[in-house]
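>>> Build the 3D model from these lines:
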Amino acid sequence: MGVSLLHRNRTLVNIRIGKRSGATVQSSDWYSPVAVVITTIGLCALLVWQIFFNTTWFNDKLRLDKDVDEEKIDMYIPRTTILAVMSMVIGGLVLVDNVPQLATQILAFMQEKELFRRDPESKYIIDRGVRTLFGALLLTQAKRVAAFIEKQNFCVRSEGPQCFR
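I've put the predicted structure just below:
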């Protein structure tokens with residue numbers, strides 16, 4: 001799509017310039033947008049390579065290592081906190097994905113005023129409702145979900161008798 005947009009824009013520019021200067025546009029000028037795209041991709045790849053694999057050059061040029069006192073920062077975040085945050089994020093994404101579709105389907109169902117059993121689309125309302133409930137529970141009960149996952153992880157490692165209660 002980007003190549004076709006470049007080609008369209010270049011053709012429009014050439015036609016406008018051609019009308020003013022009297023030159024004609026040839027249809028064999030397709031290689032120029034391709035060259036622009038390949039050059040752009042190459043420059044981006046070179047920049048990414050420089051940033052990731054040649055960091056000493058950036059440090060020397062920008063003087064990032066001068067006058068910096070190195071302090072060790074200890075960050076201890078419990079695994080249950082990380083799991084709780086991940087559960088909240090997943091629950092929020094599930095809600096953001098399903099609430100608008102659920103509202104749309106409920107609105108369409110109410111406008112049609114058909115019986116719930118006769119409508120073949122009613123199963124999607126139930127599906128979206130369950131997904132929305134699941135997302136809301138993940139969002140609100142994140143600590144319990146994290147504790148459950150942590151308990152299952154402990155059970156897998158130790159296989160103690162408390163795991164099967």
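
>>> and the next element down the chain from the helix or strand hosting residue 98?
Here residue 98 sits within helix 79-112, counting by DSSP states H and E. As assigned by DSSP H and E, the chain's next helix or strand after helix 79-112 is helix 122-140.

>>> Identify each buried residue in that following helix, please.
Buried positions in helix 122-140, judged by neighbour count with 16 or more other CB atoms under 10 Å: 125, 128, 131-132, 135-136, 138-139. Using the backbone N, CA and C atoms, a C-beta is placed for each residue, glycine as well.

>>> And stretch 73-86, by the same measure?
Buried residues in stretch 73-86 (16+ other CB under 10 Å): 83-84.

>>> tell me the contacts of the closest residue to residue 94 other than its chain neighbours?
Nearest residue to residue 94, sequence neighbours excluded (CB to CB, 6 or more residues apart in numbering): residue 135, at 3.2 Å. For residue 135, the contacting residues are 90-95, 97-98, by CB atoms under 8 Å, 6 or more residues apart in numbering.

>>> And residue 57, by the same measure?
With CB under 8 Å, 6+ apart, residue 57 has these contacts: residue 50.

>>> Kindly provide the distance from the residue nearest to residue 94 to residue 83.
17 Å (CB to CB, to the nearest Å).

>>> and what of residue 96?
From residue 96 to residue 83 the distance is 20 Å (CB to CB).

>>> Residue 64: what secondary structure?
Look at residue 64: counting by DSSP: H, G, I helix; E, B strand; the rest coil, its state is coil.

>>> tell me the pLDDT at residue 15?
The predicted structure scores residue 15 at 46 on the pLDDT scale.

>>> Drop anything exposed from the contacts of residue 135.
Going by neighbour count (16+ other CB under 10 Å), the contacts of residue 135 have 90-91, 94-95, 98 buried.

>>> out of the residues you listed, what pair is the most spread apart?
Farthest-apart pair in these is 90 and 98; separation 12.4 Å (CB to CB).

>>> and residue 68, how many neighbours does it have?
8 (other CB atoms under 10 Å).
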